[in-house]
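Trainee: kindly generate the corresponding structure for this input.
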Amino acid sequence: MEDGNRKVLIAVNGSDDSMTAVRYISESLPKRGSELTLYQVMSAIPEEFWDLERDPVWIKKVEVIRSWEVEQKRRSSAFMEQARAVFETSGFPADAVSFKIGEQKEGIARDLISECKNNYDVLVIGRGESAHDTNMPLGGVTSKLLANVSSTSVWMMGGKPHSTRILIALDSSPRAIHLAEHAAKMFDCRKLSITLFHAVRGISVSMQGLESIFPDDYAKNITQDAQAKIDPIFDRAKSVLIEAGVAADNIAIKTVNGVSSRATAIVEEAAKTGCGTIVCGRRGVTQVADFSMGRVANKLTQLVHSQALCIVA
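Mentor: Now for the predicted structure:
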C-alpha cells in the first residue's frame with residue numbers, strides 16, 4: 001500500500017447497518033495508504049446435523065437447512081460486491097479492499113477477536129440488534145468485543161453518522177495526545193472540522209449537601225487547575241492536527257466546567273455542534289486494572305446512538 005499503514009477490519013453481517021458502516025468508512029479514510037478487510041462470520045451448522053440426511057424422516061428438513069445455508073452465502077457475496085462498488089466509487093484502489101467470509105469456529109465474537117490479532121489499527125462494528133432502541137443495551141456480540149478487544153481501536157457505528165465534523169474528548173492524561181494522533185492518521189484531514197473538548201466534573205453526587213464545608217474558592221480553584229492542565233494538551237493536539245492537514249480555522253477548543261457527567265456533556269456537545277463522530281480514549285486519567293474500559297468510555301458506549309464512537313486503544 002502507498003504511503004500508509006492504516007489497516008482496518010470491518011465486521012459485517014449483510015444488514016443495512018453494515019452498509020452504513022461501509023459508507024462511513026468510504027467517506028472517512030484517505031483513499032491511499034488504507035488497507036480494508038470486510039469480514040463476515042457465518043453461523044455454522046453442527047457437522048452432526050448433516051448426518052441426519054441418512055434418516056428418511058429428517059431428509060426434507062436437512063434439505064431446507066442446506067437451502068438456507070446456500071442463500072446466506074449468496075446474500076453475503078452479494079453484500080460484499082455492493083461494498084466493493086461503494087469503495088471503488090469513493091476512489092479506493094481495487095487492491096485496497098479485501099473480503100473474507102468465514103464459517104464460525106468458536107463463536108462470532110471470539111472469531112472476530114482472533115482476527116483482530118492480525119495487527120489491525122481499527123475494528124469497525126455496529127451497536128448490534130438493539131441499535132435503534134435507545135432503551136436497550138448493546139448487542140451481545142458488540143458487548144463482548146468492547147470488553148475484550150483492548151489493543152485495537154474500536155469504531156462503533158450508531159445511526160447514520162457523517163464523518164466530517166469530529167469531537168475529540170480530551171482529558172489531562174499523557175495519553176490524551178494519542179486521540180489527536182489517531183484522528184490525524186485515520187481520517188481524511190482535509191475534510192475535517194474538529195472540536196477539541198474537555199469536561200470538568202463538579203462536586204460529585206455523593207458529596208451533594210456538603211457544599212458548605214468547601215472553601216469559597218474551591219470550585220474556582222478546581223476550574224483553574226483543570227484549565228492549566230488541559231491547555232498544553234489542547235495546544236499539542238491542535239499542532240498534530242494542523243500538521244496532518246486540518247485547517248487551523250476548522251479546529252475549535254472548548255472546556256465546560258462543573259458537569260455532573262463527563263460522558264453526558266460530551267454527547268450533548270456533539271449533538272449541539274453537529275459532530276457525527278466522537279473520539280475518546282479507552283482508559284481515562286486513572287488506570288483501574290479491574291476494568292477493561294474507563295468510566296467515561298463505558299458510559300459513552302451506552303449513550304451514543306446516532307454518531308460513530310471511536311474508542312482509541
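Trainee: what's the following helix or strand after the helix or strand of the chain with the lowest mean pLDDT?
Mentor: When the helices and strands of the chain are scored by mean pLDDT, DSSP states H and E, helix 47-50 comes last with a mean of 54. With elements assigned by DSSP states H and E, the helix or strand that comes after helix 47-50 is helix 59-90.
Trainee: mind giving me the packing neighbours of that next one?
Mentor: helix 16-28, strand 34-42, helix 47-50, strand 97-103 (3 or more C-beta pairs under 8 Å, 6 or more residues apart in numbering; DSSP states H and E). Any C-beta I mention is one placed from the backbone N, CA and C, and that applies to glycine too.
Trainee: so the residue located most distally from the centre of the chain versus Ile65, what's the distance?
Mentor: Using C-alpha atoms, centre = their mean, the residue of the chain lying farthest from its centre is Pro56. It sits 49.1 Å away. Shown here: Pro56 relative to Ile65, a distance of 16 Å by C-beta to C-beta, to the nearest Å.
Trainee: and Val259, by the same measure?
Mentor: Distance from Val259 to Ile65, counting by C-beta to C-beta: 53 Å.
Trainee: what does Gly258 give?
Mentor: As judged by C-beta to C-beta, Gly258 and Ile65 stand 59 Å apart.
Trainee: now swap in Ala147 and tell me
Mentor: Between Ala147 and Ile65 the distance, using C-beta to C-beta, works out to 32 Å.
Trainee: next: Ala169.
Mentor: The value you get for Ala169 to Ile65, if C-beta to C-beta is used, is 47 Å.
Trainee: the more surrounded of those two?
Mentor: Neighbour count, other C-beta atoms under 10 Å: between Ala169 and Ile65, Ala169 has more, with 26 against 15.
Trainee: that one bridge partners, please.
Mentor: As for beta bridges, Ala169 partners with Phe197 under DSSP bridges.
Trainee: quick one, what contacts it?
Mentor: Contacts for Ala169 (C-beta atoms under 8 Å, 6 or more residues apart in numbering) come out as Leu179, Phe197, His198, Ala199, Arg262, Ile266, Ile278, Val279, Cys280, Gly281, Val296, Leu300.
Trainee: selecting buried members of those residues in PyMOL, what would you type?
Mentor: PyMOL command restricting the contacts of Ala169 to the buried ones, with burial defined by 16 or more other C-beta atoms under 10 Å:
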select buried, resi 179+197+198+199+262+266+278+279+280+281+296+300
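Trainee: filter the contacts of Ala169 down to the ones in helices?
Mentor: Restricting the contacts of Ala169 to those inside helices, with DSSP state H as the criterion, leaves Leu179, Arg262, Ile266, Val296, Leu300.
Trainee: in CSV, list the residues you listed along with pLDDT and distance to Ala313.
Mentor: Listed next are the ones in helices among the contacts of Ala169 as CSV, based on pLDDT from 0 to 100; distance: C-beta to C-beta, whole Å:
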residue, pLDDT, distance to Ala313
Leu179, 97, 11
Arg262, 94, 20
Ile266, 97, 19
Val296, 93, 15
Leu300, 95, 15
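Trainee: report the two of those residues separated the most.
Mentor: When C-beta to C-beta is used, the two most widely separated members of these are Leu179 and Arg262, lying 14.3 Å apart.
Trainee: ranges for the strands of the stretch 101-250 of the chain?
Mentor: With DSSP state E, counting those that start in this stretch as the definition, the stretch 101-250 of the chain shows strands at residue ranges 122-126, 153-157, 165-169, 193-201.
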